[in-house]
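S.K.: Predicted model and sequence below, questions to follow.
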Amino acid sequence: MKELTERNFRREVLEEKKPVLVEFYAVWCGKCSMMEDVFERLGEEMEDEMKAGRVNTEQNPLLAARYRIRGIPAFLLFVNGKEVLRMTGMIEPQEMTDRLADVLRKADTGNKKKISKK
């Protein structure tokens, strides 16, 4: 899993062509630890559709502030450098997969329409 920082966030997330799912977490956070396996498994299962990375909020407080992270774990999906989905706290794996698939499907449909018009 890619560790995202204030130094590489722009390149790895905002400038990335593929959608990127970002988990904001802290080492001391029990819920974050419980969601870690779910997040990693999801990243592996959906690696063809998106990239995934993690931001340690204690080591990268400016990123947490920029994206107004109020509770952790927080999962933000970025498409074309913009946040398109936010999920916070304990989330059932199937719910997370379904919500991501729905947003990614809509993002793909939008891209295909733009491409076909050109």
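M.R.: Received it, and whenever you're ready, just let me know what you need.
S.K.: Helix, strand, or coil at the most centrally placed residue in the chain?
M.R.: Residue closest to the average C-alpha location in the chain (CA atoms, centre = their mean): Leu21, at 1.9 Å. Three-state call for Leu21 (DSSP: H, G, I helix; E, B strand; the rest coil): strand.
S.K.: Now the phi/psi pair for the closest residue to Cys29 other than its chain neighbours, please.
M.R.: Excluding its sequence neighbours, the residue lying closest to Cys29 (CB to CB, 6 or more residues apart in numbering) is Ile72, at 5.3 Å. In short, each C-beta sits where N, CA and C put it, glycine included. Backbone torsions of Ile72, given as degrees, to the nearest 10, read phi -130, psi 150.
S.K.: Please name the residues that touch Ile72.
M.R.: Contact analysis of Ile72 by CB atoms under 8 Å, 6 or more residues apart in numbering lists 24-26, 29, 31-32, 57, 88.
S.K.: ok, it to Leu21 distance?
M.R.: Using CB to CB, to the nearest Å, we find Ile72 at a distance of 15 Å from Leu21.
S.K.: rewinding a little: buried only: go through the contacts of Ile72 for me.
M.R.: Buried members of these, scored by 16 or more other CB atoms under 10 Å, are 24-26, 29, 31-32, 57.
S.K.: And those residues, which is closest to Phe78?
M.R.: Phe24 (12.3 Å; CB to CB).
S.K.: partner residues bridging the closest one?
M.R.: Per DSSP bridges, the residues bridged to Phe24 are Val55, Ala74.
S.K.: quick one: it and Gly53 touch, right?
M.R.: No - contact criterion CB atoms under 8 Å: Phe24 and Gly53 do not qualify, at 10.4 Å.
S.K.: can you list residues touching both of the two?
M.R.: Here Phe24 and Gly53 have no joint contacts, going by CB under 8 Å, 6+ apart.
S.K.: At which residues are the helices of this protein located?
M.R.: 9, 30-45, 61-66, 93-117 (DSSP state H).
S.K.: who touches the first one?
M.R.: Counting by CB under 8 Å, 6+ apart, the neighbours of helix 9 from elsewhere in the structure are 55, 60, 63.
S.K.: Kindly reformat these as JSON lines containing neighbour count, pLDDT and distance to Thr5.
M.R.: Below are the contacts of helix 9 laid out as JSON lines (neighbours: other CB atoms under 10 Å; pLDDT from 0 to 100; distance: CB to CB, whole Å):
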{"residue": "Val55", "neighbour count": "25", "pLDDT": "98", "distance to Thr5": "7"}
{"residue": "Asn60", "neighbour count": "18", "pLDDT": "97", "distance to Thr5": "6"}
{"residue": "Leu63", "neighbour count": "19", "pLDDT": "97", "distance to Thr5": "8"}
